[in-house]
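Peer 1: sequence and computational prediction follow.
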Amino acid sequence: MSFATVGELWAGAEIAGWGQPRRDALAAFVRVHVVLPVDDEVARWWARIHAAVRDQVGVNDEWIAACALAQTPCLPIVTGNLGHFQTIAAKFPNLAIVHPEL
């Protein structure tokens, strides 16, 4: 998962006022997943995406897509937020989007 996804998970815990047991469970969840960091390739993809959709999509969704597109092969994005990612995929058709309920 993208570093931005991890940030969103932790922000959700902060906003919801999670206690230590739930925070520990979140930390354990994150630890068993690969977290894609920012590197030059991700930053370059983000710049392309941001230039193309900056007024239509949130910055974190741009970073998540950049992390996926920077991988070889491109990783699919699993999300319930189809709208933002479909907007990005319209400009970058090699981006695959998977909705967990479809």
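Peer 2: Everything's here; your move. Numbers count the residues shown, from 1 in each chain.
Peer 1: when you work out contacts or count neighbours from here on, use the C-alpha atoms and nothing else.
Peer 2: OK.
Peer 1: which stretches of the chain have low pLDDT?
Peer 2: Judged by pLDDT under 70, the chain has its weakly predicted residues at 102.
Peer 1: if we go to 90?
Peer 2: 79-84, 99-102 (pLDDT under 90).
Peer 1: tell me where it has helices.
Peer 2: For the chain, applying DSSP state H gives helices covering 3-16, 20-31, 40-53, 59-69, 82-91.
Peer 1: out of those, which is the most enclosed?
Peer 2: Across these, averaging neighbours per residue (mean count of other Cα atoms under 10 Å) puts helix 59-69 on top, at a mean of 22.
Peer 1: what's that helix packed up against?
Peer 2: helix 3-16, helix 40-53, strand 77-78, helix 82-91 (3 or more Cα pairs under 8 Å, 6 or more residues apart in numbering; DSSP states H and E).
Peer 1: as a markdown table, the ones you listed with distance to V30 would be great.
Peer 2: Compiled in a markdown table, these are given as follows (distance: least, Cα to Cα, whole Å):
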| stretch | distance to V30 |
| --- | --- |
| helix 3-16 | 7 |
| helix 40-53 | 20 |
| strand 77-78 | 16 |
| helix 82-91 | 22 |
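Peer 1: of those, which approaches A70 most closely?
Peer 2: helix 40-53 (5.4 Å; Cα to Cα).
Peer 1: residue contacts, the residue positioned nearest the centre of the chain?
Peer 2: Closest residue to the average C-alpha location of the chain: I64 at 2.7 Å, with Cα atoms, centre = their mean. Applying Cα atoms under 8 Å, 6 or more residues apart in numbering, we find I64 in contact with 1-5, 77.
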